[in-house]
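Asks: quick one, what's the 3D model for this:
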Amino acid sequence: MRKLIGILLLAIIAGGIVLSLKEIPFGIPKTKIGQHFIQKGIEETGSSNIVTSVVVGYRGFDTLGEITVLFTAAIGLGAVFGTYRKRKADIKAEPPSLIVDTGCRFLFPVILLVGAYIFFHGHITPGGGFQGGAIIASAFLLMYLGCMGKRIKDNTSKVIEVLGGVTFVGLGIIGLLIGKEFLFNFLPKGEPGTLLSAGIIPIIYIAIGLKVGSELSGIIDNLITKSQ
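Replies: A predicted model of the protein is given here:
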């Protein structure tokens, strides 16, 4: 019975793929939306990274939903560990090796700098808030693995997370009031390809990067400190 169901599901998926490829000749988009983004994206948003234009501009409300999913996951994990009882026996963490310890001390600021660079330049180069935030969180993961005794300050992390979310939503509401649409790009777009361009898009990416970085770092903190 399981084999029959598996074969049926594979047949349905294969049929959907075949039908979709049949209606879309290679190199020719089925709709004009993609062509509009390519031809008008830089002009309308000021961002030379078309992917950024789509993610933060044209479908910015959907991006807000993705951030909400991550926020909900962080809250859920915190709630789980809030009811978790530590074991009575103290577990001594194994000290890091010389390579990990040295890497923590020297690579931690470098990783933070790279993460910040990624979301500061997300509107002109590949990358953005989610990628930069994940890189920043990896720096704190390295800190927990290599720099024994150091951890994130809860209050600072929460403040950064709140500021990132408030900035995102606040820009969306301002755009709604000024341009009658959520996340309307009301700031000067500048010259495409330069750092000071694309209006509110760089600000949104900075807010997303800080929020994602702080949330993922908080998740790492919960997983490592409260499970020991």
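Asks: beyond the helix or strand of the chain with the lowest mean pLDDT, next helix or strand please.
Replies: Counting by mean pLDDT, DSSP states H and E, the chain has its least confident helix or strand at helix 2-23, which shows a mean of 75. Toward the C-terminal end, the helix or strand that comes next after helix 2-23 (DSSP states H and E) is helix 33-45.
Asks: what's that next one in contact with?
Replies: The contact list for helix 33-45, computed with Cβ atoms under 8 Å, 6 or more residues apart in numbering, reads 29, 47-48, 50, 52-54, 57-58, 185, 189, 192, 198-199, 201. Every residue, glycine included, has its C-beta placed from N, CA and C.
Asks: swap in 6 Å and give it another go.
Replies: Identification of contacts with helix 33-45 by Cβ atoms under 6 Å, 6 or more residues apart in numbering yields 48, 50, 53, 54, 57, 192, 198.
Asks: burial of the last one, as a residue count?
Replies: Other residues near residue 198 come to 32 when the count uses other Cβ atoms under 10 Å.
Asks: where does it land in three-state SS?
Replies: Secondary structure, DSSP: H, G, I helix; E, B strand; the rest coil: residue 198 is coil.
Asks: contact partners for it?
Replies: Per Cβ under 6 Å, 6+ apart, neighbours of residue 198: 45, 46, 47, 123.
Asks: for residue 170, see how far away the first one is.
Replies: Yep, that's residue 45 we're talking about. 19 Å (Cβ to Cβ, to the nearest Å).
Asks: these two: which is more packed in?
Replies: Taking neighbours as other Cβ under 10 Å, residue 45 and residue 170 compare with residue 45 leading, 26 against 12.
Asks: before we move on, back to that, of the contacts of helix 33-45, which is the most crowded?
Replies: residue 198 leads these on contacts (other Cβ under 10 Å) with 32 neighbours.
Asks: without its sequence neighbours, what residue ends up closest to the residue at minimal distance from the centre of the chain?
Replies: The residue lying closest to the centre of the chain (Cα atoms, centre = their mean) is residue 130, at 1.9 Å. Closest residue to residue 130 apart from its sequence neighbours, by Cβ to Cβ, 6 or more residues apart in numbering: residue 212 at 5.5 Å.
Asks: how near is the one you found to residue 4?
Replies: Distance from residue 212 to residue 4, counting by Cβ to Cβ: 43 Å.
Asks: the more surrounded of the two?
Replies: Neighbour count, other Cβ under 10 Å: between residue 212 and residue 4, residue 212 has more, with 28 against 8.
Asks: so which strand or helix has the more buried one?
Replies: Per DSSP H and E: helix 201-225 holds residue 212.
Asks: what about the chain, any weak spots by pLDDT?
Replies: For the chain, applying pLDDT under 70 flags the ranges 1, 19-31, 82-93, 226-228.
Asks: let's see 50
Replies: Residues of the chain meeting the criterion pLDDT under 50: 88-89.
Asks: which residues touch the closest residue to residue 132 other than its chain neighbours?
Replies: Excluding the flanking residues, the one nearest residue 132 by Cβ to Cβ, 6+ apart is residue 119, at 3.2 Å. Residue 119 makes contact with 129, 132, 205, 206, 209 under the criterion Cβ under 6 Å, 6+ apart.
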